[in-house]
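# below are the sequence and a predicted model; questions follow.
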Amino acid sequence: MHGSDLHPLGVLFALLTTITWAMGIFPFTQAARRLGIGPLNFFRLVLATCFIAVLAFMFPPSFLAIFGSHYFPAWCWLGLSGIIGLTVGDYFGFAMYAVLGARLGSVLTTFAPGAALVTGMLIVDEHMTWAGILGMVITIAGVIWISLSKSERERASDTRYGSIAKGIIYGVLAAFCQGAGLVLAKKGMLDQAAAGLPLHPVHATFMRLSIGTLSLLIMILLTRKWNQTVFPILINKEGGIRFAVLGTIFGPTLGVSLSLFTVAYLDAAAAQTIFSLVPVVALFLSYFLIREKITGKSLIGVLVAVSGVIILIWHRQLEALLHLAP
């Protein structure tokens with residue numbers, strides 16, 4: 001990492017991102033099972049793009065200015081980020097949640113920090129110290145402990161929405177795409193700042209969403225799946241629209257926007273590590289929303305995951321304390 005420690009605002013935005021994403025996976029899981037993965041992916045991208053377009057007019061510089069030629073490089077990087085992270089990555093993510101459920105599925109998102117770390121080193125020259133990597137590993141271990149309890153595995157084994165093996169494959173692919181997508185988005189924002197034309201995170205979110213939506217629309221038309229994509233939305237199949245709208249507000253609208261605020265202050269790998277606390281937040285949301293019991297083993301996992309994030313945040317100080325700082 002480039003700073004002496006993690007920027008407090010970056011940590012705050014990362015925690016807010018984690019909370020909003022955790023709140024979004026519950027309605028999205030229901031929406032994916034009711035509407036289908038393809039219709040949900042298309043609906044929430046279109047709706048989120050509309051939401052962000054309205055919000056974008058409220059932030060400087062002028063929203064219309066981002067359509068000028070000076071912002072073309074940002075459109076390329078953020079557009080690629082939208083295609084990989086939102087169109088492709090979230091498709092696999094919804095497929096994963098539909099099969100494995102919200103809590104068990106979210107454990108596979110812990111692969112995203114590793115993907116972000118490797119991609120960040122290659123694309124934006126990000127580096128993490130040994131203490132930062134230790135914090136990442138401890139956090140992921142805690143999340144896995146929570147999500148792979150015996151009760152969670154038994155609940156997944158009874159699923160009627162697809163094989164667990166496919167769900168795991170979908171999850172790994174989703175995590176890789178999300179980690180890489182976040183780094184590509186940061187690359188676009190860094191290049192614009194270096195050119196003297198800094199890009200507001202809300203405007204960057206619009207770029208990601210609009211290109212992601214356009215690429216998905218082209219894919220739907222080329223594969224001639226327009227009717228089967230739109231029909232479940234038009235008839236509000238099994239009442240899934242209300243879940244899709246709620247998930248869209250928390251996920252691609254608030255969550256994606258906050259994630260770009262986060263990477264404006266933090267390295268992508270550090271941000272993804274904090275984002276991997278989604279299952280921890282989901283654990284407590286499950287208790288308050290559906291009164292799902294929290295076991296002692298789960299609480300141990302929470303403590304381990306949170307301690308990992310604390311090490312990640314204070315990694316420089318830890319190295320100095322141990323007299324091992326380079």
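Noted; the coordinates are in hand. This is a predicted model, so every value here is computed, not measured. Numbers count the residues shown, from 1 in each chain.
# so where is the stretch 201-326 of the chain shaky, pLDDT-wise?
292, 313, 315-316, 323-326 (pLDDT under 70).
# put the alpha carbons of the helix or strand harbouring residue 137 into PDB.
If you go by DSSP states H and E, residue 137 is part of helix 130-147. Extracted as PDB, the C-alpha positions of helix 130-147 are listed here (Å, rounded to 0.1, in the frame of the first residue of the first chain):
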ATOM      1  CA  TRP A 130       3.300  -9.100   4.800                       C
ATOM      2  CA  ALA A 131       1.200  -7.800   7.700                       C
ATOM      3  CA  GLY A 132      -1.500  -6.600   5.300                       C
ATOM      4  CA  ILE A 133      -1.600 -10.100   3.600                       C
ATOM      5  CA  LEU A 134      -1.700 -11.700   7.100                       C
ATOM      6  CA  GLY A 135      -4.800  -9.600   7.900                       C
ATOM      7  CA  MET A 136      -6.400 -10.600   4.600                       C
ATOM      8  CA  VAL A 137      -5.800 -14.300   5.300                       C
ATOM      9  CA  ILE A 138      -7.200 -14.100   8.800                       C
ATOM     10  CA  THR A 139     -10.300 -12.200   7.700                       C
ATOM     11  CA  ILE A 140     -11.000 -14.800   4.900                       C
ATOM     12  CA  ALA A 141     -10.400 -17.600   7.400                       C
ATOM     13  CA  GLY A 142     -13.000 -16.200   9.800                       C
ATOM     14  CA  VAL A 143     -15.500 -15.700   7.000                       C
ATOM     15  CA  ILE A 144     -15.100 -19.300   5.800                       C
ATOM     16  CA  TRP A 145     -15.500 -20.500   9.400                       C
ATOM     17  CA  ILE A 146     -18.800 -18.700   9.600                       C
ATOM     18  CA  SER A 147     -20.200 -19.700   6.300                       C
END
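# tell me how far that helix lies from the chain's centre.
When distances are taken as Cα atoms, centre = their mean, to the nearest Å, helix 130-147 is centred 17 Å away from the chain's centroid.
# where do the helices sit along the stretch 151-300 of the chain?
164-194, 201-222, 226-234, 241-248, 256-263, 268-275, 278-290, 296-313 (DSSP state H, counting those that start in this stretch).
# I'd like these written out as JSON lines, with mean neighbour count and distance to residue 47 added.
Where C-beta positions appear, they are placed from N, C-alpha and C, glycine not excepted. Below are those laid out as JSON lines (neighbours: other Cβ atoms under 10 Å; distance: least, Cβ to Cβ, whole Å):
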{"stretch": "helix 164-194", "mean neighbour count": "22", "distance to residue 47": "19"}
{"stretch": "helix 201-222", "mean neighbour count": "21", "distance to residue 47": "10"}
{"stretch": "helix 226-234", "mean neighbour count": "15", "distance to residue 47": "10"}
{"stretch": "helix 241-248", "mean neighbour count": "21", "distance to residue 47": "5"}
{"stretch": "helix 256-263", "mean neighbour count": "27", "distance to residue 47": "13"}
{"stretch": "helix 268-275", "mean neighbour count": "30", "distance to residue 47": "22"}
{"stretch": "helix 278-290", "mean neighbour count": "19", "distance to residue 47": "21"}
{"stretch": "helix 296-313", "mean neighbour count": "19", "distance to residue 47": "32"}
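# and the ones you listed: which comes nearest residue 134?
Closest to residue 134 of these is helix 296-313 (Cβ to Cβ; 6.0 Å).
# hmm, back to that, save the helices of the stretch 151-300 of the chain as JSON lines, and put in distance to residue 86 too.
What follows is the helices of the stretch 151-300 of the chain, written out as JSON lines (distance: least, Cβ to Cβ, whole Å):
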{"stretch": "helix 164-194", "distance to residue 86": "7"}
{"stretch": "helix 201-222", "distance to residue 86": "4"}
{"stretch": "helix 226-234", "distance to residue 86": "16"}
{"stretch": "helix 241-248", "distance to residue 86": "12"}
{"stretch": "helix 256-263", "distance to residue 86": "7"}
{"stretch": "helix 268-275", "distance to residue 86": "15"}
{"stretch": "helix 278-290", "distance to residue 86": "17"}
{"stretch": "helix 296-313", "distance to residue 86": "25"}
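# those: which one's closest to residue 144?
Nearest to residue 144, of all the helices of the stretch 151-300 of the chain, is helix 296-313, at 7.9 Å by Cβ to Cβ.
# that closest one vs helix 278-290, what angle?
Interaxial angle, helix 296-313 versus helix 278-290 (axes from the mean of the first three to the mean of the last three Cα atoms, to 10 degrees): 140 degrees.
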